[in-house]
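Colleague: Sequence plus predicted model, see below.
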Amino acid sequence: MHRLIGAALILDKLKIVLVETYRANSTLLKLEHFVSLALVFMGICSRMYSLSQAWISQIEGCYQQLYSWSEAFPTGLKQKEYDLFISSHNLACTRDTMKEARSTFAEQWMTLKTSIHHKTHLETYLANQAVVDKVKEIQKEIGVKSTDPLSFDFEEDLGEIVER
């Protein structure tokens, strides 16, 4: 079950890298440099992102199924030996262990990628929709405005040349 959690974390990292790569190639596309290459990379990133999202949902389903099976099947060990085995091998998993590990990873990755100029790491925010509530809590603590796409001020400078 820990291997499933590890696989989900690797796919979370992959999703973040794919979003970063997609955004970098969209900048190339706007600058009209290497247009055909940027289109191919953006298509590959988009497809891999959707595949990794599907894989994560399948891994979560498999984790939940294995967890319910692990509770139903007997272990074959006596209680004293079972407790010693579990404590020595760190195999204790609860129903929410995967969610906790993924949210902890997203929080750590966001704090790792933030800087003075960028208080929230947009790619982590986009790739990990499961931790949106935590992102909003961090934004309130830091004092950053909401990044809800529906509440954007369209007159705000987003790094592009704006003609008025």
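Modeller: Ah, there it is.

Colleague: Please report phi then psi for Phe34.
Modeller: Dihedral angles phi and psi of Phe34 (degrees, to the nearest 10) take the values phi 50, psi 50.

Colleague: who's in contact with it?
Modeller: Residues in contact with Phe34, defined by CB atoms under 8 Å, 6 or more residues apart in numbering, are Leu28. In this view, the C-beta of every residue, glycine as well, is placed from N, C-alpha and C.

Colleague: ok, now Met98?
Modeller: Going by CB under 8 Å, 6+ apart, Met98 touches Leu4, Ile5, Ala8, Glu60, Tyr63.

Colleague: rerun that using 6 Å as the cut-off
Modeller: Met98 makes contact with Ile5, Tyr63, according to CB atoms under 6 Å, 6 or more residues apart in numbering.

Colleague: and it, how far is that from Gln64?
Modeller: According to CB to CB, to the nearest Å, Met98 and Gln64 sit 9 Å apart.

Colleague: Any idea how many residues pack against Leu51?
Modeller: By the other CB atoms under 10 Å criterion, the neighbourhood of Leu51 contains 13 residues.

Colleague: My error: substitute Leu39 in the last question.
Modeller: As a burial measure, the neighbour count of Leu39 was computed by other CB under 10 Å and equals 13.

Colleague: now it, nearest residue through space, not along the chain?
Modeller: Once its chain neighbours are removed from consideration, Leu39 has its nearest residue in Leu29; the separation is 7.0 Å (CB to CB, 6 or more residues apart in numbering).

Colleague: before we move on, which element is the one you found in?
Modeller: Taking DSSP states H and E as the criterion, the element that holds Leu29 is helix 2-31.

Colleague: State the mean pLDDT of that helix.
Modeller: The average of the pLDDT scores along helix 2-31 is 88.

Colleague: going forward, begin numbering at 17 instead of 1
Modeller: Done: numbering now begins at 17, and the last item shifts to helix 18-47.

Colleague: Surely Tyr79 is in contact with Leu20?
Modeller: Yes. Counting by CB atoms under 6 Å, Tyr79 sits close enough to Leu20 to count as a contact (4.8 Å).

Colleague: Counting neighbours, go ahead and name the busier of those two.
Modeller: Comparing Tyr79 with Leu20 by neighbour count (other CB under 10 Å), the higher total belongs to Tyr79, at 20 against 17.

Colleague: which residues does the more buried one contact?
Modeller: Tyr79 sits next to Leu20, Met114 when contact means CB under 6 Å, 6+ apart.

Colleague: Can you name the helix or strand that it falls in?
Modeller: When elements are defined using DSSP H and E, Tyr79 is found to belong to helix 51-88.
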